[in-house]
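**Student:** this one's sequence-less:
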């Protein structure tokens, strides 16, 4: 049996009975909504001061600008003169529901980098709001937003980004859960020294439990991570960052022989056999073409163009098949690396240094091979950065809070807080319809 507020409808309110029933659904049949549109108890309560029964004594009008108002009943004690107002929570909850939905609407627009002024202009078509009101409500919504915490964190990515507050350099430190691709922690600092990193890691990760962490090649990481986690750490260097370092070791304009050596280094951990096969054929042509300098200049342009076209075709084929670049097995990686090490004395100094660095950090470069599903790169956190503070936007924030809120919005999105079925603004406008002030 459903017990609900007694609604005394008149000609104007009769069509709104379903809405009124929903709005007052949290109250029992001891309440009434009168023919004069007053919400109150049918029988006035006892006086909280002298315990005598009170009497109905008019109402107070509670309003929401642009939406309407509700008459909340008042009571008076004839014995002691005590005045009392009925609980207005039904109206406050209705307003809160509407304000919170607007806040989520503003969050979604800010997540997509819509300016406050543009939001204000859009709202002219829906529910007029000034830029300052939108700014205030967005800030309120962000302060109240609570992101559900993560549990059982075993594998993480760690990286840094360098946004600017006006002309002031800031440092964004991020720990990303490898399983859910959600940030465990994402904070802004004034500096990025080893002590700051230690405090950040210690505050956001359980240092007493084993952890697999992927980082780039910043020189302080090994000592920092060792101090924070001790023997509870498996440290994987990002292979994507290694490949970028390898590419930088070569000049911008390479010969085919240099390009072949570059791809042999890239082939240590990733399968680049197809590229190497084509480059070997081109290298044979290059040896012949080197006898004529003028002819070589023309030939190398054509050869490089053909090679880059082939690279692009391979990439497109992977995209069509939704495949990533294939990782070599541990045995194949060792074989390719040992082949290069056997020839190390014939290479330039930069290449020698790179091979020695790979040899020194071999265990940190192959840790992923020993754990099923463990990541070999920091691509997950790089992708997170590109969708939260894009490179061309990370210098556009005038306040630190603006950067922090943009980071938090990205975290909320990863947590699925913007997913699911939501009430529409139209639905909520309908709930206010019986309370329109004419």
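**Tutor:** Sure, I can see it. Predicted model only: the values in this text are computed from it and were never measured. Numbering: from 1, shown residues only.
**Student:** show me where this protein has strands.
**Tutor:** Taking DSSP state E as the test, the strands found in the chain are 6-7, 31-33, 38-41, 55-64, 68-76, 83-85, 155-161, 164-165, 168-169, 171-177, 183-189, 211-215, 233-237.
**Student:** so for residue 145, which of those strands sits nearest?
**Tutor:** Among the strands of the chain, strand 183-189 comes nearest to residue 145, with 13.6 Å by Cβ to Cβ. Just so you know, the C-beta spots here come from the backbone N, C-alpha and C atoms, and that holds for glycine as well.
**Student:** not counting that closest one itself, show me its contacts.
**Tutor:** Contacts of strand 183-189 with the rest of the structure, by Cβ atoms under 8 Å, 6 or more residues apart in numbering, involve 150, 153, 156, 163, 170-177, 196, 200, 203-205, 384, 400, 403-404, 407-408, 410-411, 414.
**Student:** related to what we said a few turns ago, want to throw the strands of the chain into a markdown table with mean neighbour count and mean pLDDT?
**Tutor:** Shown next, in a markdown table, are the strands of the chain (neighbours: other Cβ atoms under 10 Å; pLDDT from 0 to 100):
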| stretch | mean neighbour count | mean pLDDT |
| --- | --- | --- |
| strand 6-7 | 16 | 76 |
| strand 31-33 | 22 | 91 |
| strand 38-41 | 22 | 94 |
| strand 55-64 | 15 | 95 |
| strand 68-76 | 20 | 95 |
| strand 83-85 | 14 | 95 |
| strand 155-161 | 22 | 95 |
| strand 164-165 | 16 | 82 |
| strand 168-169 | 10 | 86 |
| strand 171-177 | 21 | 95 |
| strand 183-189 | 19 | 94 |
| strand 211-215 | 23 | 96 |
| strand 233-237 | 21 | 96 |
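**Student:** adding distance to residue 225, write those strands out as JSON lines.
**Tutor:** Shown next, in JSON lines, are the strands of the chain (distance: least, Cβ to Cβ, whole Å):
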{"stretch": "strand 6-7", "distance to residue 225": "66"}
{"stretch": "strand 31-33", "distance to residue 225": "62"}
{"stretch": "strand 38-41", "distance to residue 225": "61"}
{"stretch": "strand 55-64", "distance to residue 225": "54"}
{"stretch": "strand 68-76", "distance to residue 225": "59"}
{"stretch": "strand 83-85", "distance to residue 225": "61"}
{"stretch": "strand 155-161", "distance to residue 225": "9"}
{"stretch": "strand 164-165", "distance to residue 225": "27"}
{"stretch": "strand 168-169", "distance to residue 225": "24"}
{"stretch": "strand 171-177", "distance to residue 225": "12"}
{"stretch": "strand 183-189", "distance to residue 225": "15"}
{"stretch": "strand 211-215", "distance to residue 225": "7"}
{"stretch": "strand 233-237", "distance to residue 225": "6"}
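**Student:** residue 130 is nearest to which of those strands?
**Tutor:** strand 55-64 (15.9 Å).
**Student:** helices or strands up against the closest one?
**Tutor:** When contacts are defined as 3 or more Cβ pairs under 8 Å, 6 or more residues apart in numbering; DSSP states H and E, strand 55-64 packs onto strand 38-41, strand 68-76, helix 89-111.
**Student:** switch the cut-off to 7 Å
**Tutor:** strand 68-76 (3 or more Cβ pairs under 7 Å, 6 or more residues apart in numbering; DSSP states H and E).
**Student:** and of the strands of the chain, who's closest to residue 360?
**Tutor:** Once those are compared by Cβ to Cβ, strand 233-237 is nearest, at 10.9 Å.
**Student:** what's in contact with stretch 105-119?
**Tutor:** 131, 134, 135, 137, 138, 141, 393, 409, 413, 418 (Cβ atoms under 7 Å, 6 or more residues apart in numbering).
**Student:** could you pull up the residues touching the last one?
**Tutor:** Pointing back at residue 418 there. 108, 412.
**Student:** how near is it to residue 383?
**Tutor:** 18 Å (Cβ to Cβ, to the nearest Å).
**Student:** next one: the first one
**Tutor:** Taking Cβ to Cβ as the criterion, residue 131 is separated from residue 383 by 32 Å.
**Student:** so which of those two has more stuff around it?
**Tutor:** residue 131 (15 against 12; other Cβ atoms under 10 Å).
**Student:** need the per-residue pLDDT for the closest residue to the more buried one other than its chain neighbours.
**Tutor:** Using Cβ to Cβ, 6 or more residues apart in numbering and skipping residues adjacent in sequence, the residue nearest residue 131 is residue 120, 4.4 Å away. pLDDT, residue 120: 95.
**Student:** how many neighbours does residue 120 have?
**Tutor:** 17.
**Student:** quick check: buried residues in the longest helix belonging to the chain?
**Tutor:** Longest helix in the chain, counting residues (DSSP state H): helix 293-320. The neighbour-count check on helix 293-320 (16 or more other Cβ atoms under 10 Å) flags 296, 299, 300, 303, 304, 307 as buried.
**Student:** who are the neighbours in contact with the second one?
**Tutor:** Translated: residue 299. Applying Cβ under 7 Å, 6+ apart, we find residue 299 in contact with residue 289.
**Student:** can we see that at 10 Å?
**Tutor:** 256, 282, 285, 286, 288, 289, 290, 292 (Cβ atoms under 10 Å, 6 or more residues apart in numbering).
**Student:** average pLDDT across the longest helix of the chain?
**Tutor:** 94.
**Student:** neighbouring strands for the lowest-mean-pLDDT helix or strand in the chain, and are they parallel or not?
**Tutor:** Ranked by mean pLDDT, DSSP states H and E, the weakest helix or strand in the chain is strand 6-7, scoring a mean of 76. When pairs are called by DSSP bridges, strand 6-7 turns out to pair with strand 31-33 (parallel).
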